[in-house]
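In: please find the sequence and the predicted model below.
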Amino acid sequence: MPHPATSGPLTFRLLGRAVAALVLLPLVAVAVAAMLGTTETLVHLWQTVLPRYLGTTAVLVSCVSVGTAIIGTGTAWLVTCCAFPGRRVLEVALVLPMAFPAYVVAYAYTNLLDHPGLVQTTLRAVMGWGPRDYWFPEIRSTGGAAAMLMLVLYPYVYLLARAAFQGQGARPFNIARTLGAGPWGAFLRVALPMARPSIAAGVLLAAMETIADYGTVSYFGVQSLANGIYQSWFSLADRAAAAQLALGLLAIALLLAFLEQRSRGAARYHGGGAPLPRVALRGPAAWGASAACALPALLGAVIPAVTLASMANGASQSLLSARYLEFARNSLTLASVAALATVGAAIVIGYQERLNPGPISRATVRIGRIGYAVPGGVIAVGLLVPFAAFDNALDSFMEARFGISTGLLVTGSIWLMIAAYMIRFLAAAIGAYEGGQAMVNPNVGPAARSLGKGPYMVLTRVHLPIMSPSLLTALLIVFIDTMKELPATLILRPFNFDTLAVQAHRLAADERLDGAAVPSLAIAAVGLLPVLALIRRLGTGDARGG
């Protein structure tokens, strides 16, 4: 009988390899399915929709990247290095848009800015204009989609840039000032170049979220790659085209992920000493800074929340109805199981590396991180291809051998959805696990094992209690991300199995925006939980005055 101290590491190694294989499965399946597709399909795509998909996706990524860089970096510099009215409140309010999925914000602004919306209706009433007497920007456009994504994704840049500015210290800034540079000159010549790797990492994270977005682009009718995958799979029933589009999107996503990791690796700060001094702004400059920091929070969180609440107030749907309680139960069940499975997989991957340090274990962890770069639609297609083939082969075998039809055992089950969520959000759970593992004394494990405790006992009795705050954070993050995930849910859900996100998408697609506001508000309210936890950390993380 094997000793637990030796069988435990083997078990964790095998489980870790199994998790890594599951993460790689949809990527390999998409690549194989795309290569098995005929060249005629690829030629047809290139001659018809592919240039438009690529061009639109490039425009979206470019606009969102520039917009989030400007908003995130500018506001981070103001709250970190300037003193102005309302700075403390605005420093945390700038994080609030993270609670809102872009498609939820899109529903709110469409209700406000579309032709029958409040803004245009008021303009026509006040000015006495007819429908053809004025021009108004079209919200349902590529520019509108980019604006919605910008409003909810700039906090990625804001948080990383803020941390970078705080980590620089006062010394480089003061040296620049003694050499004659003013506050803005020191910012442009010293602080901004030092923070560039972190800013780039935030921008690339926003770009990855942009190419993965389906809810916003589909609602606005924007022909991006993510929208094209869904249309090819369902509307056109062209599996080969969907796989080839998914492979193209996967290549872009992995390139962005590689660049993001390079940017994070280059983020090193050597300021030390006292924190950056705050410049006291006065007069118009002070109120201008307040307005510049208030505007993103208002546009990205406050206005959408108020608009959705107003829309929901006039809706016939109720969250307490039996139908909506079923949607909520489905969402909560999926999110809970996915969170537990994902954090469990992260513990397995992280602990096997601690027990068996080496290149294979490190590679397993790196593979586990890949999923965050892969759009949900790509993961869904990559899981459907092999498991649909498995289900069909098993059904044919059982029918021929025993006269029994097994049907679709895996495809169309909630377990395939759980697998997709786990692959998509495993990186966040691994990051939280590693943050918790850093608090564990490296000598604790060997000391416990010298007393005859096996790896399982060390993990459950020593490591997990110490890491519980980080693991609870990971559970919360995965839970919320699963609640908001739309493309993977739409593609993989069983027949007649709806969630709050699916219901919001369906009602919005039917132009029943008041009804869509009800599940959208519920999603946003749940999304506030991790944001509030983050705000608590921001509130205690800066002891300087101002």
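Out: Thanks, I have it.

In: who's in contact with stretch 338-352?
Out: Stretch 338-352 is contacted by residues 9, 12-13, 15-16, 19-20, 361, 364-365, 368, 417-418, 421-422, 425-426, 429-430, 432-434, 437, 455, 459, 463-464, 471, 474-476, 478-479, 482 when judged by CB atoms under 8 Å, 6 or more residues apart in numbering. Any C-beta I mention is one placed from the backbone N, CA and C, and that applies to glycine too.

In: ok now whichever helix or strand Ala21 is part of, how far from the chain's centre?
Out: If you go by DSSP states H and E, Ala21 is part of helix 4-36. Helix 4-36 has its C-alpha centroid displaced from the chain centroid by 23 Å (CA atoms, centre = their mean, to the nearest Å).

In: cool, and stretch 234-248?
Out: 23 Å.

In: helix, strand, or coil at the residue nearest the centre of the chain?
Out: The chain has Glu209 as the residue nearest its centroid, 5.8 Å off, counting by CA atoms, centre = their mean. For Glu209, the assignment made with DSSP: H, G, I helix; E, B strand; the rest coil gives helix.

In: contacting residues for the closest residue to it other than its chain neighbours?
Out: Spatially, and ignoring its direct neighbours in sequence, Glu209 is nearest to Leu153 (5.6 Å; CB to CB, 6 or more residues apart in numbering). The contact partners of Leu153, taken as CB under 8 Å, 6+ apart, are 64, 68, 102, 205-206, 209-210.

In: give me phi/psi at Leu153?
Out: phi -100, psi -10 (degrees, to the nearest 10).

In: what residues does Tyr324 make contact with?
Out: By CB under 8 Å, 6+ apart, the neighbours of Tyr324 are 317-318, 503, 518-519.

In: so what's it scoring on pLDDT?
Out: With respect to pLDDT, Tyr324 scores 82.

In: now do Ala207
Out: 90.

In: correct me, but it touches Leu256?
Out: Yes - at 5.4 Å, Ala207 counts as touching Leu256 under the criterion of CB atoms under 8 Å.

In: more crowded one of these two?
Out: Ala207 (24 against 21; other CB atoms under 10 Å).

In: which helices and strands does the helix holding Ala21 pack with?
Out: On a contact count with 3 or more CB pairs under 8 Å, 6 or more residues apart in numbering; DSSP states H and E, helix 4-36 meets helix 239-266, helix 322-355, helix 359-370, helix 376-402, helix 414-437, helix 455-458.

In: how far out from the middle of the chain is the helix or strand containing Val518?
Out: Following DSSP H and E, one finds Val518 within helix 513-540. Centroid separation for helix 513-540 versus its chain: 14 Å, with CA atoms, centre = their mean.

In: run the angle between it and helix 322-355 for me.
Out: 40 degrees (axes from the mean of the first three to the mean of the last three CA atoms, to 10 degrees).

In: okay if I get the contacts of Tyr324 as CSV plus distance to Ile535?
Out: Converted to CSV, the contacts of Tyr324 look like this (distance: CB to CB, whole Å):
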residue, distance to Ile535
Gln317, 30
Ser318, 30
Gln503, 29
Val518, 26
Pro519, 24
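
In: highest neighbour count among the residues you listed?
Out: Result: Pro519 is most packed of the contacts of Tyr324 (other CB under 10 Å), 28 neighbours.

In: distance of that residue relative to Met148?
Out: Separation of Pro519 from Met148 (CB to CB, to the nearest Å) stands at 18 Å.

In: picking that back up, nearest to Gly407 among the contacts of Tyr324?
Out: Gln503 (26.4 Å; CB to CB).

In: returning to what we had before: most tightly packed of the helices and strands packed on helix 4-36?
Out: Of all those, helix 414-437 has the most neighbours on average by mean count of other CB atoms under 10 Å, namely a mean of 23.

In: just checking, what packs against that helix?
Out: helix 4-36, helix 322-355, helix 359-370, helix 376-402, helix 464-484, helix 487-492.

In: of those helices, which is nearest Gln166?
Out: Taking these one by one with CB to CB, helix 464-484 is closest: 20.7 Å.

In: other residues contacting that closest one?
Out: Against helix 464-484 from outside (CB under 8 Å, 6+ apart): 101, 331, 334-336, 338-340, 342-343, 346-347, 421, 424-425, 428-429, 431-433, 435-437, 439-440, 499-501, 523, 526-527, 529-530, 533.
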